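Enquirer: Need coordinates for the below:
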Amino acid sequence: MTISKLPDGRYLVDVRPQGRDGKRLRKRFSTKSEAQQYERWAVASFHNKDWQERPADRRPLSELIDIWYQLKGQMMKSASNTHNKLKAIDERLGFPRADKIDKKMIANYRASRFEAGRKANTINREISAVCAVFGALIESGHYHGKNPFSELKKMKITQTEMGFLSKAEISALLSLLPIGEKLAAELSLSTGARWGEVMKLTSTRIAHSRVTFLDTKNGKNRTVPISQRLESELQKRPSGLVFSGVDYSLIREALKEAAPNLPKGQAVHALRHTFASHFVMNGGNILALQKILGHATIQQTMVYAHLAPDFLQEAIQFNPLSESFHHD
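Expert: As a prediction, the model looks like this:
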């Protein structure tokens, strides 16, 4: 028996995965479940027949997710949300063993999610999350099989329309909002900040006509200049969280009234799109916009490029029917 209970209540794993003459592994755990997980990992990871393939990993996906969480997941910014998402995926897959996950299972999962009304981008993120679990376990030596998700192509994503408010709609929106909600909307419209960044802004991050957003989506701090008027208004707010008590639902409903033709599902994120769209339409530099928005790659920012006043103007100047090519 490789697992035994110790007098202090812990459990000892004592196993030789490579046989009598092989390496002896001894490790103590506070629970029997952890001991059993370690034993299965040891048996799957070590054997003395190097010319043969390692045995198929029969551990359940749920166990691999838990190991991944201990090794890496708990250190992520969105640790709890990602862990819960992975457990939900495992449940929808039917709690499979690792050796039973194949392309057919994954394809069926994607099809069922699509039929349930989930967008391709959402499905791709779910598949990528599980793929990352296997990748991390392989890298750390806790899984020796092939990543079943590694060769799967992502679903094609249809580029969705990004709505933004006109100047008249911006004025209408701000006129509908109470003071706190209005100032929060103005900050997003003035800096392109995500709503979550606005809500986490503290009074200590407003100084010298600049605001600094911490704990952003990509983990990097971002500082954006603001007008003196806006800085003055922000400094009148309570110390600590600047927008504590601001009602998200009020802004969402005001947006529907002021700009009823906005694409569905964008809600207050349309404020960020509005900043970026007007920035480009007014002649702003696309590289500067990337830094202001905090995009990791310029490709993310290029979705606004078509709004630039001179975008693709060469098509008029250099086409074969252009007057510049006509000679007497």
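Enquirer: So, low pLDDT: which residues of the stretch 51-200 of the chain?
Expert: 51-54, 157-161 (pLDDT under 70).
Enquirer: go again using 50 as the cut-off
Expert: The stretch 51-200 of the chain contains residues with pLDDT under 50 at 51-52.
Enquirer: Now do the same contact list for the nearest residue to residue 147 once chain neighbours are set aside.
Expert: Closest residue to residue 147 apart from its sequence neighbours, by Cβ to Cβ, 6 or more residues apart in numbering: residue 134 at 4.2 Å. C-beta: built from backbone N, CA, C; applies to glycine. Applying Cβ atoms under 8 Å, 6 or more residues apart in numbering, we find residue 134 in contact with 64, 143, 147, 148, 149, 150.
Enquirer: Neighbours of residue 76, how many?
Expert: 14 (other Cβ atoms under 10 Å).
Enquirer: Distance check, it against residue 150.
Expert: Distance of residue 76 to residue 150, given as Cβ to Cβ, to the nearest Å: 20 Å.
Enquirer: Equivalent analysis for residue 230, please.
Expert: 48 Å.
Enquirer: So which of the two has more stuff around it?
Expert: Between residue 230 and residue 150, counted using other Cβ under 10 Å, the more crowded position is residue 230 (19 against 10).
Enquirer: Is it correct that that one is in contact with residue 187?
Expert: Yes. Counting by Cβ atoms under 8 Å, residue 230 touches residue 187, with 7.0 Å between them.
Enquirer: Contacts only, for residue 4.
Expert: 11, 12, 14.
Enquirer: For the spatially most central residue of the chain, give me its contacts.
Expert: Nearest to the mean C-alpha position of the chain, by Cα atoms, centre = their mean, lies residue 217 at 7.4 Å. Contacts for residue 217 (Cβ under 8 Å, 6+ apart) come out as 194, 196, 294.
Enquirer: Which stretches in the stretch 1-150 of the chain count as strands?
Expert: 3-5, 11-15, 25-29 (DSSP state E, counting those that start in this stretch).
Enquirer: Could you identify which of these is most buried?
Expert: Mean neighbour count (mean count of other Cβ atoms under 10 Å) peaks for strand 11-15 among those, with a mean of 17.
Enquirer: Show me what that one packs onto, helices and strands only.
Expert: The contact analysis (3 or more Cβ pairs under 8 Å, 6 or more residues apart in numbering; DSSP states H and E) places strand 11-15 against strand 3-5, strand 25-29, helix 32-45.
Enquirer: distance of residue 197 from residue 172?
Expert: 24 Å.
Enquirer: ok, now which ones touch residue 35?
Expert: 3, 11, 12, 13, 27, 29.
Enquirer: what would these look like in a markdown table with pLDDT and distance to residue 183?
Expert: Converted to a markdown table, the contacts of residue 35 look like this (pLDDT from 0 to 100; distance: Cβ to Cβ, whole Å):
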| residue | pLDDT | distance to residue 183 |
| --- | --- | --- |
| 3 | 86 | 61 |
| 11 | 90 | 57 |
| 12 | 90 | 61 |
| 13 | 87 | 59 |
| 27 | 87 | 56 |
| 29 | 88 | 53 |
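Enquirer: Out of the residues you listed, which is nearest to residue 242?
Expert: Comparing the contacts of residue 35 against residue 242 with Cβ to Cβ places residue 29 closest, at 46.7 Å.
Enquirer: Does that closest one touch residue 9 like I think?
Expert: No. If you go by Cβ under 8 Å, residue 29 and residue 9 don't touch, sitting 10.7 Å apart.
Enquirer: Next, count neighbours for residue 257.
Expert: 11.
Enquirer: for the stretch 151-300 of the chain, what spans make up the helices?
Expert: 167-176, 179-191, 195-199, 228-235, 248-258, 269-281, 286-293, 298-301 (DSSP state H, counting those that start in this stretch).
Enquirer: quick one, the longest helix anywhere in the chain and helix 32-45 angle?
Expert: Secondary structure of the chain read by DSSP state H shows that its longest helix is helix 120-139. Angle of helix 120-139 versus helix 32-45, following axes from the mean of the first three to the mean of the last three Cα atoms, to 10 degrees, is 80 degrees.
Enquirer: want to throw the contacts of residue 35 into a markdown table with distance to residue 122?
Expert: Below are the contacts of residue 35 laid out as a markdown table (distance: Cβ to Cβ, whole Å):
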| residue | distance to residue 122 |
| --- | --- |
| 3 | 41 |
| 11 | 40 |
| 12 | 44 |
| 13 | 40 |
| 27 | 39 |
| 29 | 37 |
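Enquirer: Tabulate the helices and strands packed on strand 11-15 (TSV), appending distance to residue 244.
Expert: As requested, the helices and strands packed on strand 11-15 are exported to TSV (distance: least, Cβ to Cβ, whole Å):
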stretch	distance to residue 244
strand 3-5	51
strand 25-29	44
helix 32-45	41
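Enquirer: out of the ones you listed, nearest to residue 87?
Expert: Nearest of the helices and strands packed on strand 11-15 (Cβ to Cβ): helix 32-45, 15.9 Å.
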